[in-house]
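1. Structure of the sequence below:
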Amino acid sequence: MKQLSGKISSSIKVLNLTPLVRFELTDLQNQKINCLVHQHALNFPAMAQPNSRIAIYGHYNKRHQFVVQKFMVQASENNDFFSHSA
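-> Okay, the predicted model is just below:
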């Protein structure tokens, strides 16, 4: 499992109610990575917002999209982390 961290640099879009959520991550080297969340995807928009700091764990699919299996979102007020994993 690969680990990435950075900021959410796009809007969070619910693609379908399977559920599947898409967002773009800008990592610490300013590379933009397309990410998909399937597991616990309906919780993701409630926990994360654009420009949120996030750490994600997962793998790349054939289309070079990062499929998120675990995520941790940093809360903006007091530097606590919200986390969710499968």
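2. who's in contact with stretch 18-25?
-> 4, 6-15, 32-38, 41-42, 44-45, 48, 54, 56, 66 (C-beta atoms under 8 Å, 6 or more residues apart in numbering). Heads up, the C-betas are built off the backbone N, CA and C, glycines and all.
3. can we see that at 10 Å?
-> 4-15, 31-45, 48, 50, 52, 54, 56, 65-66, 68 (C-beta atoms under 10 Å, 6 or more residues apart in numbering).
4. Show me which of those residues are buried.
-> Burial by neighbour count, 16 or more other C-beta atoms under 10 Å: within the contacts of stretch 18-25 this picks out 4, 6, 8, 12, 33, 35-41, 44-45, 48, 52, 54, 56, 66, 68.
5. just to revisit the earlier point, the contacts of stretch 18-25 in strands, which ones?
-> 4-8, 13-15, 32-37, 54, 56, 66, 68 (DSSP state E).
6. Identify all residues paired with residue 60 through a beta bridge.
-> residue 66 (DSSP bridges).
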